[in-house]
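Colleague: starting from these lines, generate the structure:
(chains A and B)
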Amino acid sequence: GESVGLHLPTLSVQEGDNSIINCAYSNSASDYFIWYKQESGKGPQFIIDIRSNMDKRQGQRVTVLLNKTVKHLSLQIAATQPGDSAVYFCAENKAGNYGQNFVFGPGTRLSVLP
Amino acid sequence: ETGVTQSPTHLIKTRGQQVTLRCSSQSGHNTVSWYQQALGQGPQFIFQYYREEENGRGNFPPRFSGLQFPNYSSELNVNALELDDSALYLCASSFGLNTEAFFGQGTRLTVV
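Modeller: Residues are numbered from 1 along each chain as shown, chains lettered A, B, ... in the order given. Below you'll find the predicted structure:
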């Protein structure tokens, strides 16, 4: 079935380096995507979103890139900090403007090394 | 903090029992969605309520039901609990149907 997946289950980066977390999606009709960060014992925390009419969106230290041609989403974190250590999920909204049915991938665990 | 609050934070139930989980949405939000997150997996969509009516449902059996109240708070009810229902149950609120959704901290349900 259609689903959102992640290329790497774990990612380790040195503190201060940039991190890139990738995500593949298979539903070409999805028009809205969100990246979430989830720390242990907490609910997912909204990081940044992007709609399908955009290729790139920037936030504070984060950038999301959307490549609709290959159905690929990425999250870039600049100057990664220890507090960035968490599991990161990309989610696509399959329901479009008619509702909300976010499909999450299994997540990528980001570990920041000192 | 997102302003979305869930209660209780932890719960232990016996197989076959019924459970009710509660969610208060962020101020101004009229849409609530519920998700089930098994250990080590991403959240899975259960259903969504928009202006007190169910507006979309994932692949969950009818023993998973819900309500949304006039103040947009919501309940998730699960009947005839099974061991596999053990999970973190997350509530997310948003303003509108296809906008950013903010999650609460979740309710950890353990079925024994």
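
Colleague: which residue, other than its chain neighbours, is closest to residue 52?
Modeller: All of this refers to chain A. A:Asp31 (4.2 Å; C-beta to C-beta, 6 or more residues apart in numbering or on different chains). (C-beta placed from N, C-alpha, C; glycine too.)

Colleague: switch to chain B, please.
Modeller: Excluding its sequence neighbours, the residue lying closest to B:Glu52 (C-beta to C-beta, 6+ apart) is B:Gln68, at 4.7 Å.

Colleague: the residue nearest to A:Ser52 reaches A:Asp49, doesn't it?
Modeller: No: using C-beta atoms under 8 Å, A:Asp31 is not in contact with A:Asp49, being 11.2 Å away.

Colleague: show me where pLDDT drops low in the chain?
Modeller: Reading this off chain A. Where chain A drops to pLDDT under 70, the residues are A:1-8, A:95-98.

Colleague: try again with chain B
Modeller: Ranges of chain B meeting pLDDT under 70: B:1-2.

Colleague: report the closest residue of it relative to chain A.
Modeller: B:Gly42 (3.2 Å; C-beta to the nearest C-beta).

Colleague: need phi/psi at the residue of chain A found nearest chain B.
Modeller: Here the residue of chain A nearest chain B is A:Phe104; by C-beta to the nearest C-beta that distance is 3.2 Å. For A:Phe104, the backbone dihedrals (degrees, to the nearest 10) come out as phi -100, psi 150.

Colleague: tell me what it is bridged to.
Modeller: Beta-bridge pairing of A:Phe104 under DSSP bridges involves A:Ala91.

Colleague: returning to that earlier point: okay, now the residue of chain B closest to chain A: neighbour count?
Modeller: Neighbours of B:Gly42 under the rule other C-beta atoms under 10 Å in any protein chain shown: 24.

Colleague: try B:Gly106
Modeller: As a burial measure, B:Gly106 scores 25 neighbours (other C-beta under 10 Å).

Colleague: list the residues that contact the residue nearest the centre of chain B.
Modeller: Centroid check for chain B by C-alpha atoms, centre = their mean gives B:Trp34 as the closest residue, at 3.3 Å. Contact analysis of B:Trp34 by C-beta atoms under 8 Å, 6 or more residues apart in numbering or on different chains lists B:Cys23, B:Phe45, B:Ile46, B:Phe47, B:Gln48, B:Gly66, B:Ser74, B:Leu76, B:Tyr89, B:Leu90, B:Cys91, B:Ala92.

Colleague: at the contact with chain A, which residues of chain B appear?
Modeller: B:2, B:4, B:31, B:33, B:35, B:40-45, B:48, B:50, B:55-56, B:58, B:90, B:92, B:94, B:97-98, B:100-106 (C-beta under 8 Å from any C-beta of the partner chain).

Colleague: among those residues, name the buried ones.
Modeller: Among these, those scoring as buried are B:2, B:4, B:31, B:33, B:35, B:42-45, B:48, B:50, B:55-56, B:58, B:90, B:92, B:94, B:97-98, B:101-106 (criterion: 16 or more other C-beta atoms under 10 Å in any protein chain shown).

Colleague: can you verify my assumption that the residue of chain A closest to chain B contacts B:Gln44?
Modeller: Yes: counting by C-beta under 8 Å, A:Phe104 does reach B:Gln44; the two are 7.3 Å apart.

Colleague: touching both of these two, which residues are there?
Modeller: B:Tyr35.

Colleague: the chain: strands as residue ranges?
Modeller: You didn't say which chain, so I picked chain A. Along chain A, counting by DSSP state E, strands occupy A:4-5, A:10-14, A:19-25, A:32-38, A:45-51, A:56-58, A:62-67, A:72-77, A:86-93, A:102-104, A:108-113.

Colleague: wait, I meant chain B there
Modeller: B:5-7, B:10-13, B:19-24, B:31-37, B:44-50, B:53-57, B:64-68, B:74-78, B:87-94, B:102-103, B:107-111.
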